[in-house]
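S.K.: Quick one, fold the following:
(one chain, ligands or ions: 2)
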Amino acid sequence: MLEDGHRMDEETTDRAFWSVVQAVDKAEAEDKPLPVEVPRMLHHIFEADHQLLRSRDQVRTNITCMQPALEGAASFGQALGYIMDDISHQDLKLKEGRKCEGGTCCEACSRNVFPTFASGPECSLATFPELASFTFNELEKTSAATILQFVRLIERVRRTMAYEYGLDLATLLPLQTYSRKYVAGTTQQGGGGGEGDYVILHTDEATHASYHYSCVLYLNTQNEEFTGGNFVFNDPLAAGEKEAKRRLEESYKNAPPMSLEEEIARARKARRDLTPFHPTTGAAVIFSSGWENMHEVEKLTSGTRYAVPSFFTTCPVPEGAYAQMAVGKPKTDEEIADDWLHLLLAHRQESPQESVGRVKELLMKWHYMTTPLRHHQAARVSQDGLEAAEPASPVVAEPAPAAQAVDAGPAPAPAPAQAPAPAPVPTAVQGDTPNPTANPYANWASAVDPASGNTYYYDTVTGETSWTWPPE
Ligand SMILES: O=C(O)CCC(=O)C(=O)O
Ligand SMILES: [Fe+2]
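M.R.: Numbering: from 1, shown residues only. Ligands and ions are numbered 1, 2, ... in the order given. A predicted model of the protein is given here:
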């Protein structure tokens, strides 16, 4: 299944994914602990997914980071405008710079379109029916295949963001993600991901102060399964007020009489630069969550539109949060496998309170569960894959990753700096010496393919794999 000495290609990665699903279903049917090979194989899949994505199209627009200019004239009204989602949001006075409350984001803001972030089969609602209404809070009736596919997609987003913005992977965690369903003719039920037929102009970081990077992945295609429903970046008109006036006058020429609502929409359009994105299956938009990226979803005119928004934070998780968990950060492959089972894959009934606790723990441990053990410290995602933390500088603040539960709340205080425990290293297949020049295979480890039961070998740094030892 794995090619000798090569990275996994798309087909091999998908086969590996389905063998993992089989192994999970088997463990559950037999009421056994999850085999440690499952998370190991998942690590390879995540790594391969990100590498494969690097060769696909990406359209990047660099933009100036913006934040509310509240100092000095911080009136109550202005402060409300900073928080509230409504049309007046676009009139909020802004200044240059990032806000990123409580987090350590990079200096650059941008918007990125990936037309083929995921393949059609990966987003298929026939294969993964529960993707239509996915939430981590209710997994009892969700198949292992869909849960694993959702995690796989979100982990691809996380790695892509870390790479795009030059962030240590350990410092970037999902705070919130779910499937969002839009149905033409319905009105928004409650806030957040409730069903509705549009989303009003907003800034993700204004909705939740700890959202620093956002992604929306689309599961179906405009003009095939629905009409309307553009995702639109909404910017101040670069050409200025004079042009806005000219545009408005132009729009009145030969126009039929309009309702008040239409008049307001027309006036807004004339005053703003609108950049619509037309959703297609598997496309994703990734952007910094600040005021430089105000956006909205235009009303659906027919059909049903499915999207998966995800919001990431660079706020550190307070160390105390791990101490309150039954088992804190996983330290062995067995503990990682246990977390996968108990936080995601065990199909059980639970009270809403229990599920909130479980999801909170899941999001806080996300990096530890989705990243090979030796990379649990700071790791950058480079062109060649994950780079381990610099071993020569052990006294650095551990970049404790962050996550908060589902609800809005104050950003957690940064964790105090402390020396991290030495990163656990996978069992070397041959030789004991830590000097890689003395042992060219010091980074190699072995694992068992859950589908065939055969042992394979992999380089924990480059991701190379081999069925034979030594690798060819
Ligand atoms: O569905 C979309 O295109 C965007 C959703 C969005 O902006 C959000 O959930 O914050
Ligand atoms: Fe949004």
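S.K.: Can you pull the residues of the protein lying near ligand 1?
M.R.: Arg180, Val199, Asp204, Val216, Phe231, His295, Val297, Ala307, Pro309 (CB under 6 Å from any ligand atom). Any C-beta I mention is one placed from the backbone N, CA and C, and that applies to glycine too.
S.K.: Go again with 5 Å.
M.R.: With the criterion set to CB under 5 Å from any ligand atom, the chain comes near ligand 1 through Val216, Phe231, Val297, Ala307, Pro309.
S.K.: For the residue nearest to Pro129 when sequence neighbours are not counted, which residues are in contact?
M.R.: Leaving out its chain neighbours, the residue that sits closest to Pro129 by CB to CB, 6 or more residues apart in numbering is Thr146, at 7.3 Å. Listed by CB atoms under 8 Å, 6 or more residues apart in numbering, the contact set of Thr146 reads Phe128, Pro129, Glu130, Leu131, Phe134.
S.K.: Now do the phi/psi pair for Thr146.
M.R.: With angles defined as degrees, to the nearest 10, Thr146 sits at phi -70, psi -40.
S.K.: Distance of it relative to Tyr306?
M.R.: For Thr146, the distance to Tyr306 (CB to CB, to the nearest Å) stands at 13 Å.
S.K.: Could you do Arg380 as well?
M.R.: In terms of CB to CB, Arg380 sits 33 Å off from Tyr306.
S.K.: Buried among the contacts of Thr146? Need that as a selection in PyMOL.
M.R.: With 16 or more other CB atoms under 10 Å as the criterion, this PyMOL line picks the buried residues out of these:
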select buried, resi 128+130+131+134
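S.K.: higher neighbour count, Arg380 and Tyr306?
M.R.: Comparing Arg380 with Tyr306 by other CB atoms under 10 Å, the one with more neighbours is Tyr306, at 22 against 17.
S.K.: So that one: helix, strand or coil?
M.R.: When classified by DSSP: H, G, I helix; E, B strand; the rest coil, Tyr306 comes out as strand.
S.K.: Which of the residues of the chain next to ligand 1 has the largest number of neighbours?
M.R.: Val297 (24 neighbours).
S.K.: quick one, what contacts that residue?
M.R.: Tyr182, Tyr198, Val199, Gly229, Asn230, Phe231, Val232.
S.K.: Could you save those residues as CSV and add columns showing secondary structure?
M.R.: Below are those laid out as CSV (three-state DSSP):
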residue, secondary structure
Tyr182, strand
Tyr198, coil
Val199, strand
Gly229, coil
Asn230, coil
Phe231, strand
Val232, strand
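S.K.: what's the most distant pair in those residues?
M.R.: Farthest apart among these by CB to CB are Tyr182 and Val232. That separation is 13.9 Å.
S.K.: out of these two, which sits in the busier spot?
M.R.: Tyr182 (23 against 17).
S.K.: OK, contacts around that one?
M.R.: Counting by CB under 8 Å, 6+ apart, Tyr182 has contacts Glu195, Gly196, Asp197, Tyr198, Phe226, Gly229, Val297, Leu300, Thr304, Arg305, Tyr306, Ala307.
S.K.: which residue sits closest to it, ignoring its sequence neighbours?
M.R.: Arg305 (4.1 Å).
S.K.: what's the span of stretch 22-37 from first residue to last?
M.R.: Using CA to CA, to the nearest Å, the span of stretch 22-37 from its first residue to its last is 12 Å.
S.K.: Go through the helix or strand containing Arg268 and flag the buried ones.
M.R.: Assigned by DSSP states H and E, Arg268 belongs to helix 260-271. Using 16+ other CB under 10 Å as the test for burial, helix 260-271 gives Arg266, Lys269, Ala270, Arg271.
S.K.: ok, now stretch 175-186?
M.R.: Buried-residue list, stretch 175-186, by 16+ other CB under 10 Å: Leu175, Gln176, Thr177, Tyr178, Ser179, Arg180, Lys181, Tyr182, Ala184.
S.K.: Among the residues you listed, which one lies nearest to Tyr322?
M.R.: Leu175 (16.7 Å).
S.K.: Nearest to ligand 1 within the stretch 101-250 of the chain, name that residue for me.
M.R.: Taking CB to the nearest ligand atom, ligand 1 has its nearest neighbour within the stretch 101-250 of the chain at Phe231, 3.7 Å off.
S.K.: what about Asn230, distance to Gly185?
M.R.: Taken as CB to CB, the span from Asn230 to Gly185 is 17 Å.
S.K.: All the helices of the stretch 51-200 of the chain, in order from the start?
M.R.: When secondary structure is read from DSSP state H, counting those that start in this stretch, the stretch 51-200 of the chain shows helices at 76-83, 120-123, 144-165.
S.K.: Can I get those in CSV including mean pLDDT?
M.R.: Shown next, in CSV, are the helices of the stretch 51-200 of the chain (pLDDT from 0 to 100):
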stretch, mean pLDDT
helix 76-83, 59
helix 120-123, 98
helix 144-165, 98
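S.K.: I'd like the distance from stretch 111-119 to the chain centre, please.
M.R.: Centroid separation for stretch 111-119 versus its chain: 13 Å, with CA atoms, centre = their mean, to the nearest Å.
S.K.: how about it: buried residues?
M.R.: Arg111, Asn112, Val113, Phe114, Phe117, Ala118.
S.K.: contacting residues around that stretch?
M.R.: For stretch 111-119, contacts defined as CB under 8 Å, 6+ apart pick out 10, 53, 56-61, 63, 153, 156-157, 160, 164, 217, 233, 277, 280, 282-288, 293.
S.K.: List only those of those flagged as buried.
M.R.: 53, 58, 63, 153, 156-157, 160, 164, 217, 233, 277, 280, 282-288, 293.
S.K.: So which of the residues you listed belong to strands?
M.R.: Ile63, Leu217, Phe233, Phe277, Ala284, Val285, Ile286, Phe287, Ser288 (DSSP state E).
S.K.: For those, work out which two are farthest apart.
M.R.: Ile63 and Leu217 (20.9 Å).
S.K.: before we move on, back to that, quick one: common contacting residues for Thr146 and Tyr306?
M.R.: The contact lists of Thr146 and Tyr306 share Leu131, where a contact means CB under 8 Å, 6+ apart.
S.K.: Among the contacts of Tyr182, the buried ones, what's the ChimeraX command?
M.R.: To isolate the buried ones among the contacts of Tyr182 in ChimeraX, judged by 16+ other CB under 10 Å, type:
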select :196,197,198,226,229,297,300,304,305,306,307
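S.K.: Go through the contacts of Tyr182 and name the one with the lowest pLDDT.
M.R.: Least confident by pLDDT among those: that is Glu195, with 76.
S.K.: any idea how far Glu155 is from Thr371?
M.R.: 9 Å.
S.K.: Sketch out the low-pLDDT regions of the stretch 351-472 of the chain for me.
M.R.: 378-379, 383-384, 386-472 (pLDDT under 70).
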